[in-house]
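Novice: Any chance you could fold what I've pasted below:
(chains A, B and C)
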Amino acid sequence: MSNSTATPSHEEPSDKEAVGRSVDSKRGRKLVTGNGEFVDDISASDMWYAKFVRSDHAHARIKSIDTTEAEAMAGVEMVWTAEDFDPYVRPFAHPSVDPPDEQAVASDRVRYHGDEIAVVVANDHRTAADAVSKVAVEYELLDPVLTPGEAVKPDAPLLHPHLSADPESEVDGNTLGEFEIGTGDVDTAFAEADVVVEDTFYHNKTCAHPLEPHGCVATYNHGSEQLTMWSSHQAPHILKESLAEALVHIDKQQITCKVPDVGGGFGHKLELFSHELCAAALAYAHGHPIKFVWDRREEFKACRGRNESTIEGRLAVTNEGDILGWSADLVQNTGAYGSYGRPVAFGSAMCSAGPYLIPHQQLHCEVVYTNKMPTTAHRGYGDPQFALARERLIDMAADALGFEPTTIRMKNMPSSEQMPVETPKGLRWVSGDPKECLRRVEERIESVDDAYPTGRTDVELNGIGYAMIMRRCGNRISGAEKQHQDVANLDVEEAIVKMDADGGVDVLCGITSIGQGTETGLCQVVADVLGVPVADVTPQVGSTDLTPNGMGVWADRGMIMGGTAAARAAEDLKTTLQQLAAPFLEVDPEEIRFANNLAYQRGNPSNSKPIPELAHSATYGSATNRPTEFADGVSLVGRAKFESRPPEAALDIDTGYGDISHSYTFGALAFRVAVDTTTGEIEVTDVAFAEDAGTIINPDMVEGQIQGGIVQGLGEALLEEYRYDESGLLENGSMIDYHLPTAADVPLVKSEDIQEIESPCPNSSHGQKGVGESSIAGTAAAVANAVSDATGLDANELPLTTEKTLVALVKNDLRTL
Amino acid sequence: MEFEYARPTSVQQACDMLEEQKEATLLAGGQSLLPLLRQKAVSYDYVIDITQLSERKYIRLEDDQIRIGCLTRHVEVVESETVQKHCPVLAEAVGQIGDLQVRNRGTICGSLAHADPSGDPPLIAVLLDAEIHTRSSDETTTYSARSFYSDAYSTELDRNEIITETRFPVLDSDQGVAYNKWHPSEVAYAVASAGVSVEIKESYITDATIVTGAIEPTPKLRPSVANQLIGVQPTEQTLNQAAIAVAEYCEPVEDFEGSKLFKKEMIKTLVKKSLTEAVEKVK
Amino acid sequence: MEFKEMLTINVEINGDSVADTIPSSMLLSTFLRENQNLTGVHRGCESVKCGACTVEIDGVVVKSCNVLAVQADNKAITTIEGVGSRTELHPIQESFWKNNGMQCGFCTPGFVMTTRQLLNENADMTQEEIAKEISGHICRCTGYTKIIESIEDAAATMEDK
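Specialist: Residues are numbered from 1 along each chain as shown, chains lettered A, B, ... in the order given. Predicted coordinates:
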């Protein structure tokens, strides 16, 4: 900890020393030295190791499971099946979000290639892994359904027949949910439009594959009756709640969930997974610590990810370029279990018009079960699929009308002067400048001078493509609530800021650190509020015993909700410090400011006292020197809870009209591509990105998020796709066959390619909004537009592989040799 | 995986062990073998690690051949001045194998023995008709690369043979050789590849070899097309025709990486590109 | 000479001499992580693609999941734990940290190891060359730009020294 005693000066110090600076990651030194503590690094004495036996088939009834050979192996403690787990567990799902369609392990049927059937428990992980292949499962094969089209046929085999038969459940056949939301009168809009463009769009099935596999270590202390769950997870409080609901013998009060270092999440570690439930049950039943870590082969089968979707979209426009109507039919292939299926569809449908003010909208969504890997809250959360359809249609409309792609977009977005705006669907945009975002990327992408950036003059087609994004920042609406609902308390986070006797500060908050840097951002806002060096502030996050209740990191919520809670908790502590400092500085508490590790008199900074001395006196000083209200002791603890603002328009679940987020971020993307007409290869040669996410707390980290999001988006747009054969077996389930981008496959996205507009948000501590998903949400759409611009052909089906492109060039006489 | 392991220090010792334990497999760089063992795609009870064989790490120029010892790593081939000077296409092709870490460890002879349909070294070996020298307990044998590959992951090697050396020809001054492959990402296996060697004298092609790879179980020579180029001047038109003709002869295996149509079209492009580059190199 | 299922190996790891008796089929990554407690060696895949297990053997980087531990007999190994010292960061580590060349940190030890070999051999690479040389690593968080910039910055720093 530093012992900074800045020389008092006559100049008023700045209270913005940390916010807005690229402060180094608080976790960085630990991680770069190889001293990270990831869940697989945890060891405990008497630890047992668990591994799943996973289904070899996409859809089958389990006739029998013979565990004798496996259990006879030296070092194998047991092999548990559904029968063994049954007394300890209940069916589970993300609380209040998904139908309860998951079990610890399959009891009578498996529903996708990789579904969990049994758990091998052994004394070391190699034995456990070897024993898996010795478990003999007898299957009665059922026909798999792999597309929504197959799944909704009247005679299709049902994945969840008991849910379908249950009148309380929304599940109908293989349809998990179906809903229609909208506003205005689309039929009239389309009838009266001058131009209607329509097409069908397909987004591929992908997975973000965080580099660290899923895993947990569960211990149960039979004396204290406490379960401790270490898990590579994004939201320990949500995990705790889910475990409590799913474990028969263990209540919430008995559970502590702790998050160690996490090697990436991207929404794939945001729910209760079977391995966590099974590890908890086994720890409870047997009293040994249980380590349950996946390997990458399992990750490919079962990590969950983005759902493949088909969207039939239509836009109605006037000759002047006004977008009157937007209608889309989404059919979402949600995989074998619900897992965020409906919330993804609902939330993204609510925001599917993007930043455009479209008076008439109709979104019809079907979320359908199939025998493929389930999907989840994959970064982007349904926005990439709608963005593809919407942004492609806008380009098509622009083409039909003879407008520039940017002109038609500008025409249909609000300017910052118009804010606040209530959109036709009831969203309330309080601040932001989407037009400036688009202006900046257009300027940047056009400023690249080279007509043939790759230099291959006569065998190259060049194009530019744009996409706009409007992102909700944190929300809890799942679309499953049956009643009309006041969306206050939609999103919430709480923080505690405490100062020790030497002025060192800890920030306790329920967010987690999964690489994105929120824990560092919290320290920055607290440091500025308290006027202490950011080096003296330590984050304490990701632990349910240590921090107040929280919701973890997802939906770009970390700094807006957690950051604001932390800043306000720091304000609370500051009030105490002001009162403490008043007698020393001989001024009223309201006259006292904090900066450079000093408490000083406003307007007279040489009248000051170092904050560490204040803290010391609070702890050790005689009570006679304190204000009377502190006679019995001074608590140097500040606290605050921050809830999302009450909505202007309460959400009507049936129509989808209403405000569903605390704030909204705008983003614009532009890509320049070169299509090689000899090979069909698409090279992204230039990128421009501009975003209005309010005040940027840590520019370098935000850049890192954007760069990472764009590259993930490029992988999905150009390289990645889950391939299943006709019996539903995964064909390309390894890093050899599923092509994640390496550094040599993607362009650099440099600092100068990224711009932040920073219209301050009035509803957060420092004007910050949500950051992290605009980049990935719009990348595929913008790239598709660029490819279409280059070739003159449709680019409506992802991924835009070399194969698809070369074959299209051949068929359209554009291929050169 | 579980096996018993030995690490002989001489070729004779290694051959004798192989003779004694015919179900053993040889381990050199291990970059191809270990993944198969880990995935249980193959299983062996005995592994003979030959990385300690003395004096098998060399690249020598002798009798118009580049002779490469069986423990020479890919990275050494890539960085060898001898190879860069006398058979640059070999350095270029080997430089495209996998990634840096794999090239630091894998051996070129191991790659030739592994016979991966997408492998870079097997195609170059077939293209240039490299010699593959082997030893067993009591015999030495020389194989010609062009008759070495019988099927995917399958060669003419007997169970008791060890590749001790491979020999690539020194290229002539009027010979141009080029190699191109297409893979979906930087470190992915090739989905289609082509190698071309041409000899040009006084602006006429006097000799030509065309090999395709990755689309079928083994690298395949395309002699009928190559022979048609002899006596021809290399022009845009003649090279295009040759590329189109090669694609017609191919019977690519369709899989999730590409349809037959796509692979044929890509082969067309790769052959054309290789022909153009090879011709350019002679100038 | 006999075939053996268990072997005793002698290895130098991060400057320390180590002897251990291990199964011949044990992977080097398993030996380092589990027998030697060097948990900075990470496991991200089983197909030799992700690079998170990268270590240095006798001066060159390899993927330790694709080497048998017994093949490290009589060799000198450096893992991330041997880079820099207990109190001082190596310039490459300093650069990755200061330039935000890492986010979750899971891939980072591997990148640092490869960067060490690259900068030992050629401090003067273009960004494109760097990108090719590090293509044996997967990162899901950063998009690679700040990794490449960290490597460039480390090269410049080390050249100054």
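Novice: SS state for the closest residue to chain B within chain A?
Specialist: At 3.9 Å from chain B, residue A:744 is the closest residue in chain A, using CB to the nearest CB. C-beta here means a position set from N, CA and C on the backbone, and glycine is covered the same way. Three-state call for residue A:744 (DSSP: H, G, I helix; E, B strand; the rest coil): helix.
Novice: and it, what does it touch?
Specialist: When contacts are counted by CB atoms under 8 Å, 6 or more residues apart in numbering or on different chains, residue A:744 touches B:186, C:131-132, C:134-135.
Novice: In the residues you listed, find the pair that's most separated.
Specialist: Within the contacts of residue A:744, B:186 and C:134 form the most distant pair, 10.0 Å apart (CB to CB).
Novice: Which neighbours do the two have in common?
Specialist: A:742-744.
Novice: Dump those residues to a markdown table, plus pLDDT.
Specialist: Output for those, formatted as a markdown table (pLDDT from 0 to 100):
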| residue | pLDDT |
| --- | --- |
| A:742 | 98 |
| A:743 | 98 |
| A:744 | 98 |
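Novice: got the residues of the stretch 101-250 of chain B near chain A?
Specialist: B:182, B:184-189, B:240, B:243-244 (CB under 8 Å from any CB of the partner chain).
Novice: Return the closest of the residues you listed with respect to residue B:198.
Specialist: Of those, the one sitting nearest to residue B:198 (CB to CB) turns out to be residue B:243, at 13.2 Å.
Novice: Sticking with that closest one, tell me its helix or strand.
Specialist: Using DSSP states H and E, residue B:243 sits in helix B:236-249.
Novice: Which pLDDT does the model give whatever residue of chain C ends up closest to chain B?
Specialist: Of all residues in chain C, the one sitting closest to chain B is residue C:136 (2.9 Å; CB to the nearest CB). Looking at residue C:136, its pLDDT is 98.
Novice: need the contact list for it.
Specialist: Per CB under 8 Å, 6+ apart, neighbours of residue C:136: A:742, B:98-102, B:187, C:49, C:51, C:54, C:63, C:114.
Novice: Wasn't residue A:524 part of a helix?
Specialist: Yes - counting by three-state DSSP, residue A:524 is located in a helix.
Novice: unless I'm mixing things up, it is touching residue A:19, no?
Specialist: Yes - with contacts counted by CB atoms under 8 Å, residue A:524 reaches residue A:19, the gap being 5.2 Å.
Novice: Need the residues touching each of these two.
Specialist: Counting by CB under 8 Å, 6+ apart, the residues touching both residue A:524 and residue A:19 are residue A:697.
Novice: who's more crowded, these two?
Specialist: residue A:524 (29 against 25; other CB atoms under 10 Å in any protein chain shown).
Novice: Might you report the residue contacts of that one?
Specialist: By CB under 8 Å, 6+ apart, the contact set of residue A:524 is A:18-19, A:21, A:23, A:534, A:697-698.
Novice: For the residues you listed, pick the one with the most neighbours.
Specialist: Ranking the contacts of residue A:524 using other CB under 10 Å puts residue A:697 first, with 31 neighbours.
Novice: Next one: that residue from residue B:67, what distance?
Specialist: 62 Å (CB to CB, to the nearest Å).
Novice: And for residue A:143?
Specialist: 59 Å.
Novice: These two: which is more packed in?
Specialist: It is residue B:67, of residue A:143 and residue B:67, that has more neighbours when counted by other CB under 10 Å, with 18 against 14.
Novice: what bits of the stretch 551-700 of chain A have low per-residue confidence?
Specialist: Of all residues in the stretch 551-700 of chain A, none has pLDDT under 70.
Novice: Tell me which residue in it sits closest to chain C.
Specialist: residue A:700 (4.4 Å).
Novice: what's near enough to touch that residue?
Specialist: Applying CB under 8 Å, 6+ apart, one finds that residue A:700 lies in contact with A:22, C:99-100, C:146.
Novice: mind redoing it with 6 Å?
Specialist: Residue A:700 is in contact with A:22, C:100, counting by CB atoms under 6 Å, 6 or more residues apart in numbering or on different chains.
Novice: Return the alpha-carbon coordinates of the helix or strand in which it is found using CSV.
Specialist: According to DSSP H and E, residue A:700 maps onto helix A:699-714. Once non-C-alpha atoms are left out, helix A:699-714 reads as follows in CSV (Å, rounded to 0.1, in the frame of the first residue of the first chain):
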residue,chain,number,x,y,z
PRO,A,699,-10.4,3.0,-22.0
ASP,A,700,-7.9,0.2,-22.5
MET,A,701,-10.2,-2.4,-21.0
VAL,A,702,-13.2,-1.2,-23.0
GLU,A,703,-11.0,-1.4,-26.1
GLY,A,704,-10.1,-4.9,-25.2
GLN,A,705,-13.7,-5.8,-24.9
ILE,A,706,-14.5,-4.4,-28.3
GLN,A,707,-11.6,-6.0,-30.0
GLY,A,708,-12.5,-9.4,-28.4
GLY,A,709,-16.1,-9.0,-29.3
ILE,A,710,-15.4,-8.2,-32.9
VAL,A,711,-13.1,-11.2,-33.3
GLN,A,712,-15.6,-13.5,-31.8
GLY,A,713,-18.1,-12.1,-34.2
LEU,A,714,-15.8,-12.6,-37.2
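Novice: Thought residue C:64 was touching residue C:55, still the case?
Specialist: Yes - look at residue C:55 against residue C:64 with CB atoms under 6 Å: they come within range, at 4.7 Å.
Novice: Any stretches of the chain with poor pLDDT?
Specialist: No chain in the question, so chain A it is. A:1-15, A:95-97, A:449-453, A:476-490.
Novice: The intended chain is chain C.
Specialist: Within chain C, not a single segment meets pLDDT under 70.
Novice: List, one by one, the residues from it near chain A.
Specialist: C:39-40, C:44-47, C:49, C:80-81, C:93, C:96-97, C:100, C:103-109, C:131-132, C:134-135, C:138, C:140-146 (CB under 6 Å from any CB of the partner chain).
Novice: and residue 67, what does it touch?
Specialist: Reading this off chain A. Residue A:67 touches A:79, A:135, counting by CB under 6 Å, 6+ apart.
Novice: wrong one, chain C
Specialist: residue C:28.
Novice: mind checking the longest helix of chain C?
Specialist: Of all the elements of type helix in chain C, the one with the most residues (DSSP state H) is helix C:145-160.
Novice: all strands for chain B, in order.
Specialist: B:4-6, B:25-27, B:46-49, B:59-62, B:65-69, B:131-135, B:140-144, B:149-151, B:154-155, B:162-169, B:175-182, B:192-201, B:204-213, B:220-221 (DSSP state E).
Novice: can I get these in JSON lines with mean pLDDT and distance to residue C:73?
Specialist: Formatted as JSON lines, these follow (pLDDT from 0 to 100; distance: least, CB to CB, whole Å):
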{"stretch": "strand B:4-6", "mean pLDDT": "97", "distance to residue C:73": "11"}
{"stretch": "strand B:25-27", "mean pLDDT": "96", "distance to residue C:73": "13"}
{"stretch": "strand B:46-49", "mean pLDDT": "97", "distance to residue C:73": "10"}
{"stretch": "strand B:59-62", "mean pLDDT": "97", "distance to residue C:73": "26"}
{"stretch": "strand B:65-69", "mean pLDDT": "98", "distance to residue C:73": "21"}
{"stretch": "strand B:131-135", "mean pLDDT": "97", "distance to residue C:73": "25"}
{"stretch": "strand B:140-144", "mean pLDDT": "97", "distance to residue C:73": "30"}
{"stretch": "strand B:149-151", "mean pLDDT": "97", "distance to residue C:73": "34"}
{"stretch": "strand B:154-155", "mean pLDDT": "96", "distance to residue C:73": "30"}
{"stretch": "strand B:162-169", "mean pLDDT": "97", "distance to residue C:73": "21"}
{"stretch": "strand B:175-182", "mean pLDDT": "98", "distance to residue C:73": "36"}
{"stretch": "strand B:192-201", "mean pLDDT": "98", "distance to residue C:73": "37"}
{"stretch": "strand B:204-213", "mean pLDDT": "98", "distance to residue C:73": "36"}
{"stretch": "strand B:220-221", "mean pLDDT": "98", "distance to residue C:73": "41"}
